[in-house]
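Enquirer: Could you work out the structure for the sequence below:
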Amino acid sequence: MKKMWKSVLSFVLVAAVSAGVSVGTYSYLNENKGVASINTAGFQQPLKLATYNSVAAENTDFTAAAENAVHGVVHIKSTTEMKEQPQGRQPQYMDPFEFFFGDRGGFQRPQAQPRVGFGSGVIISTDGYILTNNHVVDGATDLDITLNDGRKFKGKLIGADEFTDIALVKVEADNLPVIPFGDSEKLKVGEWVLAVGNPFNLTSTVTAGIVSAKGRGISAMQRGGNMKIESFIQTDAAVNPGNSGGALINTKGELIGINTAIYSETGNYAGYSFAVPISIAGKIANDLKQYGAVQRAVLGVSITDIPNMPEDKKGDVKVYEGAYVAEFSDFSSAKEAGMEVGDVITHVNGVKVKNSNELQEQVSKFRPGDNCEITVDRKGKTKTFTVKLRNRQGNTEIVKGDAGASVLGATFKELTKEQKREFGVNYGIMIESVSRGKLSEAGVKKGFVIMIVNDNKITSPDDLDRIVKDIMSGNSEDQGLFIKGFYKSDKGQVVRHYAIDLL
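Expert: Residues are numbered from 1 along each chain as shown. Model (predicted):
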């Protein structure tokens, strides 16, 4: 699986050693139309959504908003225990010498040192739910959470989503201070905002700026960018390494985004920062809390912005803003509803979308099975379709957090040090039991040692479960598993490869 959020030439993720996010949650108020709206039902919050009013710059007082927000932002220390790695170059595929002979040279390898990173997070629930970036907690074996008042807690990762860089963490505490949810869709360009976080480990830092753009995509700024859902709030509030996962708030003190990335050639702030809007982060957090996995709805269309559409098709397009439908997927609910290639999507449930990023933002608020109204411009004529959204597999089934065990029909355990020494390998997981499921259908038996899945080294059952969940929820381009491993026999290892279709 491709690694998300890589540092590149002129684009650096905030807090290369950490991160964080904030959250709101969504309820689905209108079953027929699938209208999604922000509310606080999913998390315990003492405050209701405040009435939104813009404030003239000359009358703006940041003190009340800043004072309330700093208590709802936490410091996150993430520690990753580095596992023993094979010596020398790390290939994507199995090293046959390592595979068959292991570390038998008698040399002492230096012991891997823990990797420590720091970032921010936002308390979104009085009972201890904290939103942060996935890149803050990714791979962490230990999370230390420090509140603004100095109290310290151990954090537990509830779930994470690489495609939006959102993660949900829980601490065991009550009556915690929270930042009330705001409505990022009502933000206006030019409006004042505050960024609250822990840059360079300087806790409770507040900076101010304005919203300089909305619906911003940043993949074009990266070499090999792999962001799948992005419609960022761009601001000029100063954000630096350590701010990741911190709060972006309006002058009412409401949470309207999670500071996630900066545009920089040096790694430090150089003018612009980017935040995941709460309209995206809220739904992701609610899914992670309720299901343990993101329920990703799709229209089943391949889209592009109008300036990037084929030149020979531009004569048929009569609007200047929207998302151009280039083609349909195999299981396209949009096509079934009556949409055609060449349509330009201009509204989702009455909300205007100016580009493909804004379309992604609107659709990301829904779950498979929801209905939404899609308005398109077709060669100058306006048409509206009711689309029943599905997941990428073409159905509306709920994806659970334990997808790996349930779909594969097996239980797994990490190899012990003694087993690694016996087998002559440095990583891998063993199948403890096999019941009815994908593995038994493929002929995989108990005792098989899995080492590589889809070119990824498997060091723990969580590694395999994460790959399966990404495929089942539509977060991966892969449609199945290509497994490499071996059985132990009296004559040594018997290498086997299995191809398993999950979709």
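Enquirer: Ile471 sits in which helix or strand?
Expert: For Ile471, the host element (DSSP states H and E) is helix 461-472.
Enquirer: wait, I meant His347
Expert: Counting by DSSP H and E, His347 is found in strand 344-348.
Enquirer: before we move on, what about Glu358?
Expert: helix 356-363.
Enquirer: repeat for Val206
Expert: strand 205-216.
Enquirer: and the next element down the chain from the helix holding Glu358?
Expert: Taking DSSP H and E, what comes next after helix 356-363 is strand 371-378.
Enquirer: So which elements touch the helix or strand just after that next one?
Expert: Scanning forward in sequence from strand 371-378 by DSSP H and E, the next helix or strand is strand 381-388. On a contact count with 3 or more CB pairs under 8 Å, 6 or more residues apart in numbering; DSSP states H and E, strand 381-388 meets helix 333-337, strand 371-378. In short, each C-beta sits where N, CA and C put it, glycine included.
Enquirer: among the ones you listed, which is nearest Ser264?
Expert: strand 371-378 (36.9 Å; CB to CB).
Enquirer: Not counting its own residues, what contacts that closest one?
Expert: For strand 371-378, the surrounding residues in contact (CB atoms under 8 Å, 6 or more residues apart in numbering) are 31-35, 299, 317-319, 322, 325, 334, 337, 339-340, 342-350, 363, 366, 382-389.
Enquirer: How about stretch 482-489?
Expert: Outside stretch 482-489, the residues touching it (CB under 8 Å, 6+ apart) are 93-94, 99, 422-423, 428, 444-445, 447-455, 493-500.
Enquirer: 6 Å instead, please
Expert: Outside stretch 482-489, the residues within contact range by CB atoms under 6 Å, 6 or more residues apart in numbering are 448-454, 493-495, 497-499.
Enquirer: can you pull out the helices in the protein?
Expert: In the chain, the helices defined using DSSP state H lie at 63-71, 96-101, 134-137, 278-291, 333-337, 356-363, 403-408, 417-423, 438-442, 461-472.
Enquirer: Relative to Ala237, which of those is closest?
Expert: Nearest of the helices of the chain (CB to CB): helix 63-71, 11.9 Å.
Enquirer: Which residues does the closest one contact?
Expert: So helix 63-71 is contacted by 148, 177, 179, 196, 204, 206, 247, 249, 251, 253 (CB under 6 Å, 6+ apart).
Enquirer: If we use 8 Å, what do you get?
Expert: 147-149, 177, 179, 194, 196, 204, 206, 247, 249-253.
Enquirer: and that helix, average pLDDT?
Expert: Taken as a whole, helix 63-71 has a mean pLDDT of 93.
Enquirer: just checking, Glu230 touches Asn357?
Expert: Yes - counting by CB atoms under 8 Å, Glu230 touches Asn357, with 6.0 Å between them.
Enquirer: who touches both of the two?
Expert: By CB under 8 Å, 6+ apart, the residues touching both Glu230 and Asn357 are 216-217.
Enquirer: From the structure, what's the count of residues near the closest residue to Leu143 other than its chain neighbours?
Expert: Nearest residue to Leu143 in three dimensions, chain neighbours excluded: Gly155, at 3.4 Å (CB to CB, 6 or more residues apart in numbering). Taking other CB atoms under 10 Å as the criterion, the count of residues near Gly155 is 23.
Enquirer: Contacts only, for Gly155.
Expert: 76, 130, 137, 143-145, 169-171.
Enquirer: Out of those residues, which is nearest to Lys214?
Expert: Ile130 (25.6 Å).
Enquirer: quick one: the closest one from Gly72, how far?
Expert: Distance from Ile130 to Gly72, counting by CB to CB, to the nearest Å: 10 Å.
Enquirer: Equivalent analysis for Gly409, please.
Expert: 43 Å.
Enquirer: Now do the domain split for the chain, please.
Expert: The chain breaks down by automatic domain parsing into domains covering 11-77+118-291, 301-388, 403-501.
Enquirer: any chance of those domains in TSV, plus distance to Asn395?
Expert: TSV is the format used below for these (distance: least, CB to CB, whole Å):
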stretch	distance to Asn395
domain 11-77+118-291	15
domain 301-388	7
domain 403-501	11
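Enquirer: helices and strands around the strand holding His347, which ones?
Expert: strand 323-328, helix 356-363, strand 371-378.
Enquirer: if we go to 6 Å?
Expert: strand 371-378 (3 or more CB pairs under 6 Å, 6 or more residues apart in numbering; DSSP states H and E).
Enquirer: out of the contacts of Gly155, which one sits closest to Gln113?
Expert: Asp144 (17.3 Å).
Enquirer: Lowest pLDDT pick from the contacts of Gly155?
Expert: Val137 (93).
Enquirer: Surely that one and Ser78 touch.
Expert: Yes - counting by CB atoms under 6 Å, Ser78 is a contact partner of Val137 at 5.4 Å.
Enquirer: quick revisit: take the helices and strands packed on strand 381-388 and lay them out in TSV including mean neighbour count.
Expert: Converted to TSV, those look like this (neighbours: other CB atoms under 10 Å):
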stretch	mean neighbour count
helix 333-337	20
strand 371-378	21
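Enquirer: want to throw those into CSV with distance to Gly271?
Expert: Output for the helices and strands packed on strand 381-388, formatted as CSV (distance: least, CB to CB, whole Å):
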stretch, distance to Gly271
helix 333-337, 38
strand 371-378, 35
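Enquirer: quick one: Ala140 from Thr79, how far?
Expert: Distance from Ala140 to Thr79, by CB to CB: 6 Å.
Enquirer: for Tyr487, that is, sorry about that
Expert: 36 Å.
Enquirer: What of Gly242?
Expert: From Gly242 over to Thr79 (counting by CB to CB), the distance is 16 Å.
Enquirer: the more surrounded of those two?
Expert: Taking neighbours as other CB under 10 Å, Gly242 and Thr79 compare with Gly242 leading, 29 against 13.
Enquirer: residue contacts, the more buried one?
Expert: Contacts of Gly242 by CB under 6 Å, 6+ apart are 15, 118, 198-201.
Enquirer: Which residue, other than its chain neighbours, is closest to it?
Expert: Pro199 (4.4 Å).
Enquirer: so who does the one you found touch?
Expert: Applying CB under 6 Å, 6+ apart, the residues contacting Pro199 are 205, 240, 242-243.
Enquirer: Next one, pLDDT for it please.
Expert: Value for Pro199, per-residue pLDDT: 92.
Enquirer: Arg115 versus Gln360, what's the distance?
Expert: Distance from Gln360 to Arg115, by CB to CB: 32 Å.
Enquirer: Have a look at those two and say which one is more surrounded.
Expert: Gln360 (23 against 14).
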